[in-house]
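Colleague: any chance you can model this:
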Amino acid sequence: MLNSALRSRAEYAELGADGLAARTTPERDALIVKAVEELLDGKESVLDLCCGYGRVALPLRKAGKVVRGLDISPNLIEAGQAKAAEEELAIDWAIGSMTDLPYKWDSFDAVICLWTAFHELFAEDEQISTICEISRVLKPGGIAIIEGPAWGPATAAEIANGMRQGPEHRIVTTEFSDNRSGVHFIHDEISYGRLCAAAGIDDYKVYKRDWGGRRRLILEIHQPATD
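Modeller: Purely as a prediction, here's the structure:
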């Protein structure tokens, strides 16, 4: 089986920036950017982890943030670079995996990982590595926001029809409006608690909130400030 990075790269190479953009709307994106700006109030440098074609990175740069964007998919990074050049926005783009970030310790005031990207990691060692890497690159007093779908416990029907599989039935297959399907890992307060404990993170919270018109799950990590 392909590891998460190779699987995601292959999927997004086929889908492309236009296909990915078709899964959202300008109105939804505007609401999401507003929510992100509120959460990152007072934070200057931001890493948009799994940034895609820059749907959040670009508006954050317009708002005055110092933004870096990293994604596993070269075609999405190229689309983001082209849009940034067109709008004359200075953003540092990089191709790479969220499990092994190419940045120094204490590099960012904030890290965001949105639109179910973190939920594309199925193996717990990859999930823990990513949480550790996010914590490593956060400056003291920094904040990380991971956003994804909010699911309840698996129902008997979901298990029977194969929609929910894997350990604790946390692997879910969903259908998109473009007739493609997606497979994601379902997180909740229990699974996020395990990951944060393994990564040595004490200051975090897990909650559900409206996010661009949808109910979504948020993991919010706070890096301790130095005295």
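Colleague: quick one: residues in contact with the lengthiest strand in the chain.
Modeller: Under DSSP state E, the strand in the chain containing the largest number of residues is strand 138-149. Applying Cβ atoms under 8 Å, 6 or more residues apart in numbering, the contact partners of strand 138-149 are 36, 39-40, 43, 45, 106-119, 134-135, 184, 186-187, 211, 216-226. In short, each C-beta sits where N, CA and C put it, glycine included.
Colleague: buried residues, that strand. List them.
Modeller: Buried residues in strand 138-149, defined by neighbour count with 16 or more other Cβ atoms under 10 Å: 138-139, 142-149.
Colleague: can you map out the strands along this structure?
Modeller: 45-49, 66-71, 92-95, 108-113, 138-149, 164-165, 171-175, 181-185, 204-211, 214-222.
Colleague: turn those into TSV, including distance to Lys83 and mean pLDDT.
Modeller: As requested, the strands of the chain are exported to TSV (distance: least, Cβ to Cβ, whole Å; pLDDT from 0 to 100):
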stretch	distance to Lys83	mean pLDDT
strand 45-49	13	98
strand 66-71	11	98
strand 92-95	11	98
strand 108-113	18	98
strand 138-149	22	98
strand 164-165	37	94
strand 171-175	28	88
strand 181-185	24	88
strand 204-211	23	98
strand 214-222	24	97
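Colleague: in JSON lines: those strands, plus distance to Leu195.
Modeller: Shown next, in JSON lines, are the strands of the chain (distance: least, Cβ to Cβ, whole Å):
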{"stretch": "strand 45-49", "distance to Leu195": "15"}
{"stretch": "strand 66-71", "distance to Leu195": "20"}
{"stretch": "strand 92-95", "distance to Leu195": "24"}
{"stretch": "strand 108-113", "distance to Leu195": "13"}
{"stretch": "strand 138-149", "distance to Leu195": "10"}
{"stretch": "strand 164-165", "distance to Leu195": "20"}
{"stretch": "strand 171-175", "distance to Leu195": "16"}
{"stretch": "strand 181-185", "distance to Leu195": "11"}
{"stretch": "strand 204-211", "distance to Leu195": "9"}
{"stretch": "strand 214-222", "distance to Leu195": "8"}
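Colleague: ok, now which ones touch the spatially most central residue of the chain?
Modeller: Residue closest to the average C-alpha location in the chain (Cα atoms, centre = their mean): Cys113, at 2.5 Å. Taking Cβ under 8 Å, 6+ apart as the criterion, Cys113 is in contact with 49-50, 98, 130, 134, 144-147.
Colleague: same thing with Arg61?
Modeller: Per Cβ under 8 Å, 6+ apart, neighbours of Arg61: 67, 84, 89-91.
Colleague: nearest to Gly166, of these?
Modeller: Val67 (34.6 Å; Cβ to Cβ).
Colleague: how near is the closest one to Met163?
Modeller: Remark: distance between Val67 and Met163 (Cβ to Cβ, to the nearest Å) = 37 Å.
Colleague: lovely, talk soon.
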